[in-house]
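S.K.: Give me a model of this one.
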Amino acid sequence: MKLRKGWIWYLAGLLLAVAAGVIAVLALRQAVPAAAPARPTTRPVIVAAKDIAARQIVALDAVEARDFPLEDIPSGAIFHVEDAAGRFALQAATAGQPLLAQNLVAPPSGPGSTITSTVQLSVLLPDDKVGVALPTEDLLSKLGDVSIGDHVDLIGTLVVVGAAEGEAGQVTLMNLQNVPVVKVLEEVEPSANADQAPQRGKIVGLVLAVDPQDAVILRYFVDANARISIDVRSTKLRSIFDVVPVTINYIADKYGIQVPKPIE
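M.R.: I've put the predicted structure just below:
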């Protein structure tokens with residue numbers, strides 16, 4: 001009988017000890033706050049504090065630093081304000097967009113220097129393209145509505161002469177499509193005030209990045225005294241169109257034009 005009572009007391013003590021241990025563990029869990037989830041590693045990156053236009057000097061108040069996760073930082077990102085402020089922007093940037101080192105160059109200096117002529121052209125070209133200069137004869141270029149980074153199509157008009165006498169006619173066609181503008185050539189008059197920033201001058205040409213074969217085609221049109229104009233694409237339009245060359249026969253068929261008969 002005494003032995004049975006001893007076992008009962010032993011089991012009761014064991015149960016009390018286990019219960020006390022469980023209560024202690026629960027109390028510790030409530031006392032220690034849950035660990036916060038690990039935050040992704042970030043780094044401050046210099047971004048545009050407001051929209052920055054292409055071909056402009058970047059002002060100090062136009063840039064700021066924002067934290068970016070390391071995996072989201074683009075190639076060429078910069079991390080110091082002094083590497084952006086006071087530099088010349090080759091490409092436009094919207095507010096919040098990281099600024100890239102390859103799109104920022106040192107501004108020109110010295111009397112008579114121009115922004116467009118001091119940027120090294122070879123740095124602006126894609127690896128598989130060559131740069132060719134197109135004289136500006138169209139209104140879009142002359143009025144300054146074409147900027148670095150725009151994509152344009154070239155429309156040429158020339159007279160094609162046939163083998164037989166009387167076989168000749170004007171032909172207009174889109175000879176090059178989706179061509180990027182990498183540089184704008186300007187003539188800037190030296191400023192009398194050395195401290196005055198250079199002003200935009202007369203636009204005399206565009207430098208286009210093209211395939212070598214397209215460079216030869218463009219040279220032919222220029223040497224043949226063709227009249228060349230451009231159209232400017234939207235920033236999202238990169239398609240290549242199937243455009244039919246236009247002749248007097250095309251115009252006559254499209255609009256139902258009949259050759260007038262002489263009056264008797």
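
S.K.: Who is E186 paired with across the strands?
M.R.: Listed by DSSP bridges, the beta-bridge partners for E186 are I203.

S.K.: surely it meets I203?
M.R.: Yes. In this structure, E186 is within contact of I203 by Cβ atoms under 8 Å, at 5.5 Å. Every residue, glycine included, has its C-beta placed from N, CA and C.

S.K.: could you pull out the strands for the stretch 151-264 of the chain?
M.R.: 151-161, 168-187, 202-210, 227-232 (DSSP state E, counting those that start in this stretch).

S.K.: hmm, which helix or strand of this protein has the shakiest average pLDDT?
M.R.: In the chain, no helix or strand scores lower on mean pLDDT, DSSP states H and E than helix 115-118, which sits at a mean of 46.

S.K.: quick one: the spatially closest residue to A209 that is not a sequence neighbour from R66, how far?
M.R.: Leaving aside its sequence neighbours, A209 sits nearest to K129 (Cβ to Cβ, 6 or more residues apart in numbering; 4.0 Å). K129 sits 33 Å away from R66, going by Cβ to Cβ, to the nearest Å.

S.K.: Show me which of these two is the more surrounded one.
M.R.: K129 (18 against 12; other Cβ atoms under 10 Å).

S.K.: Run through the residues that contact the more buried one.
M.R.: 209-211 (Cβ atoms under 8 Å, 6 or more residues apart in numbering).

S.K.: With T136 instead?
M.R.: Applying Cβ under 8 Å, 6+ apart to T136 gives the contacts 142, 203-206.

S.K.: Can you classify Q91 as helix, strand or coil?
M.R.: coil (DSSP: H, G, I helix; E, B strand; the rest coil).

S.K.: Report pLDDT for it.
M.R.: At Q91, the model reports a pLDDT of 81.

S.K.: and what of N249?
M.R.: Note on N249: pLDDT of 90.

S.K.: What are the neighbouring residues in contact with it?
M.R.: Taking Cβ under 8 Å, 6+ apart as the test, what N249 contacts is G169.

S.K.: could you redo the last one with a cut-off of 7 Å?
M.R.: N249 makes contact with no residue under the criterion Cβ atoms under 7 Å, 6 or more residues apart in numbering.

S.K.: go on, the one 4 residues further on?
M.R.: Contacts for D253 (Cβ under 7 Å, 6+ apart) come out as none.

S.K.: got the domain boundaries for the protein?
M.R.: As recorded under automatic domain parsing, the domains making up the chain are 41-107, 123-257.

S.K.: how far out from the middle of the chain is the longest one?
M.R.: This points to domain 123-257. 20 Å (Cα atoms, centre = their mean, to the nearest Å).

S.K.: So what's the gap between stretch 96-105 and the chain middle?
M.R.: 10 Å.

S.K.: Indicate which one of the strands of the stretch 151-264 of the chain is closest to P245.
M.R.: Judged by Cβ to Cβ, the one of those that comes nearest to P245 is strand 168-187, at 3.9 Å.

S.K.: List every C-alpha atom in that closest one, with coordinates, as CSV.
M.R.: The C-alpha trace of strand 168-187 is given here as CSV (Å, rounded to 0.1, in the frame of the first residue of the first chain):
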residue,chain,number,x,y,z
ALA,A,168,11.8,58.9,-116.6
GLY,A,169,9.9,60.0,-113.6
GLN,A,170,9.9,61.1,-110.0
VAL,A,171,9.9,58.3,-107.3
THR,A,172,9.4,58.8,-103.6
LEU,A,173,10.2,56.0,-101.2
MET,A,174,11.0,55.3,-97.6
ASN,A,175,14.6,54.2,-98.0
LEU,A,176,15.6,53.8,-94.3
GLN,A,177,13.4,53.0,-91.3
ASN,A,178,13.7,53.2,-87.5
VAL,A,179,17.1,54.9,-87.5
PRO,A,180,18.4,56.3,-84.2
VAL,A,181,19.7,59.9,-84.0
VAL,A,182,23.0,59.8,-82.0
LYS,A,183,24.1,63.4,-82.4
VAL,A,184,22.8,66.8,-83.6
LEU,A,185,25.3,69.0,-85.4
GLU,A,186,25.0,72.7,-84.8
GLU,A,187,26.7,76.0,-85.7
